[in-house]
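**Student:** Here is the input, now give the coordinates:
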Amino acid sequence: LLMYALSQMVNVSMGLITRQIFLKTMKLRFPIQEVSIAGIVSVTERKEKYNPVLLVGALFAMICSFALYGPVFISDLLGYPPPYSIIPWIDLSFLSQSLLPGSSFGIATDPLSLLPGLILSTETIFSIVIGSFAMYLVANPLIVHFKVTKFAEEYFPGMSIAQIMYRANLYVWAGPNVGISVAAGLVPLFLKRHAIADAFRGLYRAGRERSSGIRFSSLSVLIAMFLLAAVASVVITYLLVPMNMFFFLLLLFMSTFWAFFWTIIDAYSIGVTGMSVQPPGIIDNFIKYSYVSLSGFENYNIWFITPVGMSGTSGSNWCANFKILDSCGVDLKSYFKAWLILIPINFLTGLLFVQIFWSISPIPSSLYRYTAINWPISAISQGLWITGKILTSYDPLWIMSAFFATTGLGAILHITHAPINMIALAAGWGTPTPNAVTILIGWIASRIIARRYGESWWRKNRSQLAAGMAIGESIVLTILSVIVMMPRALYTAPY
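**Tutor:** Next up, the predicted model:
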C-alpha cells in the first residue's frame with residue numbers, strides 16, 4: 001500500500017506537469033482521446049439534430065465483433081471445441097518469409113485496430129507504417145541473413161508473428177529500442193525547447209499567482225511531490241535489499257531523472273500519435289538482476305518490489321486523461337476528490353470480484369483463457385530472470401549506436417523538412433505489422449469516406465464514428481462473456 005501511494009504521487013505530479021507542457025502550452029491534439037471525448041459528449045448532451053454516425057459505428061463494430069468472437073463463445077457455451085482460436089491477427093508470414101526469411105506479416109482482425117487509421121493524420125500514419133515495416137520486413141531479415149545474434153540461430157521458416165516478436169525483442173531489439181525511443185523523443189523536444197521552457201515558466205507563475213484555483217499548480221509543489229515519492233521508494237528498496245552505493249545511486253537515477261524524462265517523451269508521443277513508447281520491461285529486469293545478484297540477497301521475494309519509475313510512470317496516461325477532463329469541462333478538484341474516494345472502494349470491490357470469479361472457476365483455468373495462456377509464460381519469464389538464465393547479449397554499444405543513428409535521422413528529417421514524424425516513426429518501430437497494415441486499411445477507408453462526404457464533414461464526425469465502434473465492440477464482448485459465464489456459475493453453485 002505504501003509503494004502504491006508513492007507511485008500515485010509520482011504519477012499525478014508528472015501528469016500535472018505534462019498537462020501544462022502538452023495541453024496548455026503546446027496544445028497537442030491527443031487523437032485517441034478525441035474518441036473518448038466524442039463518445040462522452042454524444043451520450044451526455046442532447047442535440048437538436050440527431051447524428052447517426054455514432055450508431056453506424058456501433059452497429060458496424062457489433063457485427064464484426066460478433067462474426068469474429070461469436071462462434072468461439074457459442075461453441076464454448078454448448079460444450080463443443082471452438083472452430084478456431086481467437087487470435088489478434090491473420091498470420092501471413094509464410095508468404096513474406098518465402099522472399100524475406102525472418103520477416104513477419106499479417107492483418108489485424110479486431111475492428112478497433114482500424115481506429116488509428118481513421119483519426120490520425122496522414123503523416124503520422126505513414127510514419128508508423130514505415131517504422132513497423134522497417135523492423136519486421138527489413139531489419140529482422142537482415143539479422144537472419146547475416147546470422148547475427150541468437151535470434152538468427154533460433155529462426156526457422158514458418159515461425160509465427162508472436163514467436164518472431166518475442167525472440168527478436170529478447171535477443172536483438174530490447175536494448176536498441178531504448179536508444180531509439182530516447183533519441184526519437186529527444187529530437188522533437190529539443191526543437192520545441194522554447195515551448196517547454198514556456199510551459200515550466202507558466203507552471204511557476206501559476207504557483208505564485210494561484211489563479212487557476214488548483215493547489216497543485218505550483219511547479220515547486222509538483223517537483224517536491226515527485227522527488228519525495230521517488231526517493232522514498234528507492235530508500236524502502238535499499239532497506240529491504242542490501243546493496244552497494246553504486247546500485248543505490250543507479251536506482252535513484254532511474255526513479256528520478258529517467259522516470260521524469262521518459263514520462264515527458266511518452267506523453268509527447270501519446271499527444272502526437274496516440275501511441276505509448278513506454279520502455280520495455282526488460283530494462284527493469286536487467287537492472288534489478290544486476291543489483292540483486294551483486295547484493296548477495298538470495299530470497300526471491302525481492303523481485304516483487306520495485307522503486308517507482310523504473311519502467312517509466314503513468315504520468316503520461318494521467319496527461320491523456322486530463323485532455324478528456326478539460327475537453328468535457330470537468331473540474332479537476334472535483335475529479336481528484338472522487339478519485340480519492342474511489343481508491344478504497346476499488347480495492348474492496350476488486351477483492352470481492354476476484355472471489356466471485358474464483359468461485360465460478362479456478363484462476364487460471366480454461367474459463368479464463370488469458371490467465372491460462374499468459375500467466376505460465378510470465379512465470380517462466382520471471383523465473384528465467386531470477387535464475388539469470390535469460391541474460392543474453394545486451395550490448396551498450398548497440399544502445400548507443402541506435403541512439404546516435406536515430407538522432408542523425410531526426411536531424412536529416414528536420415533539415416530536409418521530410419513529411420515524416422519522428423516520434424511516430426519510433427512508435428511504429430516495434431508495432432506488429434498486422435496492426436500497421438490494419439491502420440493503413442483504416443486510413444484508406446477514411447480517405448474514401450472523406451472523398452464521398454467531404455473533408456470538413458469527415459473531420460467533424462470521424463471521432464464519433466470511432467467512439468461508436470469502441471462502444472459497439474464493448475457491448476458485444478460484454479454480452480458474450482456474461483452468456484458464457486452464467487451457466488458455469490450456476491453449474492458450480494452449491495446445492
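**Student:** quick one: least confident helix or strand in this structure?
**Tutor:** When each helix and strand of the chain is scored by mean pLDDT, DSSP states H and E, helix 282-295 comes last, with a mean of 61.
**Student:** check contacts around the residue positioned nearest the centre of the chain.
**Tutor:** Taking C-alpha atoms, centre = their mean, the centroid of the chain lies closest to residue 276, which sits 4.6 Å from it. Residues near residue 276 by C-beta atoms under 8 Å, 6 or more residues apart in numbering: 266, 269, 270, 316, 427. From N, CA and C alone the C-beta is placed, and that goes for glycine too.
**Student:** do the same with residue 463
**Tutor:** So residue 463 contacts 34, 35, 37, 38, 119 (C-beta under 8 Å, 6+ apart).
**Student:** Nearest to residue 453 among those?
**Tutor:** residue 119 (15.7 Å; C-beta to C-beta).
**Student:** ok, which stretches of the stretch 51-200 of the chain are helices?
**Tutor:** Counting by DSSP state H, counting those that start in this stretch, the segments of the stretch 51-200 of the chain that form helices are 53-78, 93-96, 115-119, 122-133, 140-145, 149-154, 161-168, 174-191, 193-209.
**Student:** For residue 303, which of the ones you listed is the nearest?
**Tutor:** Residue 303 sits nearest to helix 174-191 of all those, at 18.2 Å, using C-beta to C-beta.
**Student:** low pLDDT regions in the stretch 151-300 of the chain?
**Tutor:** Counting by pLDDT under 70, the ranges of the stretch 151-300 of the chain that qualify are 202-217, 242, 277-300.
**Student:** picking that back up, next secondary structure element downstream of the least confident helix or strand of the chain?
**Tutor:** Scanning forward in sequence from helix 282-295, with DSSP states H and E defining helices and strands, the next element found is helix 315-327.
**Student:** Would you agree residue 82 is in contact with residue 76?
**Tutor:** Yes: under the contact definition of C-beta atoms under 8 Å, residue 82 touches residue 76, with a separation of 6.3 Å.
**Student:** Of those two, which one has the most company?
**Tutor:** Shown here are residue 82 and residue 76; by other C-beta atoms under 10 Å, residue 76 has more neighbours (18 against 13).
**Student:** Give me the spatial nearest neighbour of that one, chain neighbours excluded.
**Tutor:** Leaving aside its sequence neighbours, residue 76 sits nearest to residue 484 (C-beta to C-beta, 6 or more residues apart in numbering; 5.7 Å).
**Student:** list the contacts for the residue nearest to residue 120 when sequence neighbours are not counted?
**Tutor:** Nearest residue to residue 120, sequence neighbours excluded (C-beta to C-beta, 6+ apart): residue 31, at 5.4 Å. Shown here is residue 31, whose contacts under the criterion C-beta under 8 Å, 6+ apart are 116, 119, 120, 121, 124, 273, 274.
**Student:** Just the closest of these to residue 5, please.
**Tutor:** Among those, residue 274 lies closest to residue 5 (C-beta to C-beta), at 29.7 Å.
**Student:** Now do residue 259 against residue 442, distance only.
**Tutor:** As judged by C-beta to C-beta, to the nearest Å, residue 259 and residue 442 stand 33 Å apart.
**Student:** now do residue 11
**Tutor:** Noted for residue 11: a distance of 31 Å to residue 442, by C-beta to C-beta.
**Student:** What of residue 176?
**Tutor:** To residue 442, residue 176 is 29 Å away according to C-beta to C-beta.
**Student:** what do you get for residue 59?
**Tutor:** Using C-beta to C-beta, which is the criterion applied here, residue 59 is 17 Å from residue 442.
**Student:** Dump the C-alpha coordinates for stretch 332-346 into PDB.
**Tutor:** Output for stretch 332-346, consisting of C-alpha atoms alone and laid out as PDB, is shown next (Å, rounded to 0.1, in the frame of the first residue of the first chain):
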ATOM      1  CA  LEU A 332     -10.000  18.900 -11.600                       C
ATOM      2  CA  LYS A 333     -10.700  19.500  -7.900                       C
ATOM      3  CA  SER A 334     -13.900  17.500  -8.100                       C
ATOM      4  CA  TYR A 335     -12.200  14.800 -10.100                       C
ATOM      5  CA  PHE A 336      -9.400  14.300  -7.500                       C
ATOM      6  CA  LYS A 337     -12.000  14.200  -4.700                       C
ATOM      7  CA  ALA A 338     -13.900  11.500  -6.500                       C
ATOM      8  CA  TRP A 339     -10.700   9.600  -7.300                       C
ATOM      9  CA  LEU A 340      -9.600   9.600  -3.700                       C
ATOM     10  CA  ILE A 341     -13.000   8.400  -2.500                       C
ATOM     11  CA  LEU A 342     -12.900   5.600  -5.100                       C
ATOM     12  CA  ILE A 343      -9.500   4.200  -4.300                       C
ATOM     13  CA  PRO A 344     -10.500   2.200  -1.200                       C
ATOM     14  CA  ILE A 345     -13.800   1.200  -2.900                       C
ATOM     15  CA  ASN A 346     -11.800  -0.100  -5.900                       C
END
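**Student:** who has more neighbours, residue 59 and residue 442?
**Tutor:** residue 442 (23 against 14).
**Student:** Just name the closest of the contacts of residue 31 to residue 135, please.
**Tutor:** For these, the residue nearest residue 135 by C-beta to C-beta is residue 273; the value is 16.1 Å.
**Student:** Checking residue 337 next. Helix, strand or coil?
**Tutor:** Under DSSP: H, G, I helix; E, B strand; the rest coil, residue 337 falls in the helix class.
**Student:** and it, how many neighbours does it have?
**Tutor:** Neighbours of residue 337 using other C-beta under 10 Å come to 11.
**Student:** give me every residue that touches the nearest residue to residue 167 once chain neighbours are set aside.
**Tutor:** In space, and not counting its chain neighbours, residue 167 is closest to residue 151: 5.0 Å by C-beta to C-beta, 6+ apart. Listed by C-beta under 8 Å, 6+ apart, the contact set of residue 151 reads 102, 140, 143, 144, 167, 168, 170, 171, 172.
**Student:** likewise residue 32?
**Tutor:** With C-beta under 8 Å, 6+ apart, residue 32 has these contacts: 115, 116, 119, 270, 274, 320.
**Student:** Test my guess that the fourth one contacts residue 320.
**Tutor:** Right, residue 270. Yes: at 5.3 Å, residue 270 counts as touching residue 320 under the criterion of C-beta under 8 Å.
**Student:** that older thread, from the contacts of residue 31, list the buried ones, please.
**Tutor:** The neighbour-count criterion (16 or more other C-beta atoms under 10 Å) marks 116, 119, 120, 121, 124, 273, 274 among the contacts of residue 31 as buried.
**Student:** rewinding a little: show me the contacts of residue 276 that map onto helices.
**Tutor:** Among those, DSSP state H puts 266, 269, 270, 316, 427 in helices.
**Student:** Pretty sure the fourth one sits against residue 260.
**Tutor:** No: shown here, residue 316 and residue 260 do not form a contact pair, counting by C-beta under 8 Å, at 11.6 Å.
**Student:** out of these two, which sits in the busier spot?
**Tutor:** Neighbours of residue 316 and residue 260, each counted by other C-beta under 10 Å, are more numerous for residue 316; the result is 27 against 21.
**Student:** What distance do you get for that one to residue 61?
**Tutor:** As defined by C-beta to C-beta, residue 316 lies at a distance of 27 Å from residue 61.
**Student:** for residue 199, same thing?
**Tutor:** With distances defined as C-beta to C-beta, the gap from residue 199 to residue 61 amounts to 37 Å.
**Student:** between those two, who's got more neighbours?
**Tutor:** Neighbours per residue, other C-beta under 10 Å: of residue 199 and residue 61, the larger number sits with residue 61, 26 against 22.
**Student:** Counting by contacts, list what the helix or strand hosting residue 344 packs against.
**Tutor:** Counting by DSSP H and E, the secondary-structure element that holds residue 344 is helix 332-360. With contacts defined as 3 or more C-beta pairs under 8 Å, 6 or more residues apart in numbering; DSSP states H and E, the packing partners of helix 332-360 are helix 315-327, helix 455-492.
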